[in-house]
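Asks: The sequence isn't on hand, but the structure is:
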C-alpha cells in the first residue's frame with residue numbers, strides 16, 4: 001500500500017473532487033493512495049478503470065487506511081474511455097458529486113495503452129487500427145477533460161487543475177513506438193492549447209519517468225527495435241527503473257506547491 005511522501009501531511013489540496021483514470025493498477029493505483037492523504041474531509045475520490053474487481057480492491061484498501069480518519073468518499077466507475085458510453089458514464093458519476101462546497105476540481109488523465117510496439121511505422125496501413133488506439137489515448141482524454149470542465153465551470157472559490165500523465169515519448173521519437181509517441185505528443189499539445197484557452201485552469205503534463213510497471217515489462221518483451229529493447233532490459237537489471245511511489249511523490253509536491261507554468265511539460269528528472 002502506497003502512502004504519501006513524508007513531510008507533506010500539513011498541506012492539502014482542499015475539499016476536492018479528484019478524478020483518476022486508469023486507477024485500478026500501476027501508477028494510477030499509487031496516485032489514488034497518495035492523493036487520499038492530501039484531500040480535506042468531504043472530498044470525493046472518483047476512481048475510473050475498465051476492471052471492476054481491481055477498482056473495488058483499491059477502494060477498499062483506501063477506505064480502510066484513510067476513509068475513516070478524513071471522511072473521504074471513494075467511488076468507483078467501471079468504464080472504457082475508448083467508447084462514448086464509458087466517457088458519458090464517467091461524466092455522470094462526476095456530476096453526481098456537484099457541491100458548492102467543493103474547493104478544488106482535480107482531473108488526472110492517467111489511462112493509456114502502449115499499443116503494438118513490436119512493429120514499425122510503415123506496417124500500420126489500417127486506419128481503423130490506428131483510430132482505435134487514438135480513441136482511448138487522445139480522443140478519450142480530450143472528451144473527458146472537456147466534459148468535466150463544462151460540468152464544473154469557472155466560479156469564485158473553485159480551483160480547477162488538469163493533469164496529463166505524459167512521457168519522454170511526447171518529445172523524443174522511439175523506433176517501433178509510433179502509436180505511443182504519436183499519442184503522447186498529441187496529448188501534450190492538446191493540453192498546451194487548453195492552457196492557452198483557459199487561463200484560470202491549471203494544466204500540467206507530467207512525465208513520470210521509466211516506471212517499474214506492467215507496461216514497462218511489455219516494452220522489454222515486445223519492442224521491435226532491438227536497441228531500445230536492450231536499453232530497457234539493462235535499466236531493469238541495473239535497478240534504474242523508478243517505483244510508482246517515488247515518481248508519484250514528485251507529482252504530489254508539484255500539485256501542492258502549485259507554482260508550475262500552466263501547460264508545462266515537466267519531467268521527473270528535471271525536478
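Replies: Yep, it's here. All figures in this text were calculated on a predicted structure; none of them were measured in a lab. Residues are numbered from 1 along each chain as shown.
Asks: looking at it, residue 165 is touching residue 109, isn't it?
Replies: Yes: using CB atoms under 8 Å, residue 165 and residue 109 qualify as a contacting pair, with a distance of 6.4 Å. Every C-beta, even on glycine, is put in place using the N, C-alpha and C of the backbone.
Asks: Show me which positions of stretch 94-105 end up buried.
Replies: Applying a neighbour-count criterion of 16 or more other CB atoms under 10 Å, one finds 94, 97, 102-105 buried in stretch 94-105.
Asks: just stretch 146-166 next, same as before
Replies: By 16+ other CB under 10 Å, the buried positions in stretch 146-166 come out as 147-149, 152, 158-166.
Asks: what two of the buried residues of stretch 94-105 are the furthest from one another?
Replies: The largest separation in these, counting by CB to CB, is between 94 and 103 at 15.8 Å.
Asks: residues touching residue 17, list them.
Replies: Listed by CB atoms under 8 Å, 6 or more residues apart in numbering, the contact set of residue 17 reads 43-44, 46, 94, 97, 102, 104-106, 152.
Asks: The helix or strand hosting it pairs with which strands, parallel or anti?
Replies: Taking DSSP states H and E as the definition, residue 17 sits inside strand 16-21. For strand 16-21, the paired strands and their directions (DSSP bridges) read strand 44-49 (parallel), strand 104-109 (parallel).
Asks: Any chance of those strands in TSV with distance to residue 240 as columns?
Replies: Conversion of those to TSV gives the following (distance: least, CB to CB, whole Å):
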stretch	distance to residue 240
strand 44-49	28
strand 104-109	25
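Asks: Take those strands and lay them out in JSON lines including distance to residue 143 and mean pLDDT.
Replies: As requested, the strands paired with strand 16-21 are exported to JSON lines (distance: least, CB to CB, whole Å; pLDDT from 0 to 100):
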{"stretch": "strand 44-49", "distance to residue 143": "13", "mean pLDDT": "97"}
{"stretch": "strand 104-109", "distance to residue 143": "11", "mean pLDDT": "98"}
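Asks: who's in contact with residue 213?
Replies: With contact taken as CB under 8 Å, 6+ apart, residue 213 is in contact with 26-27, 244.
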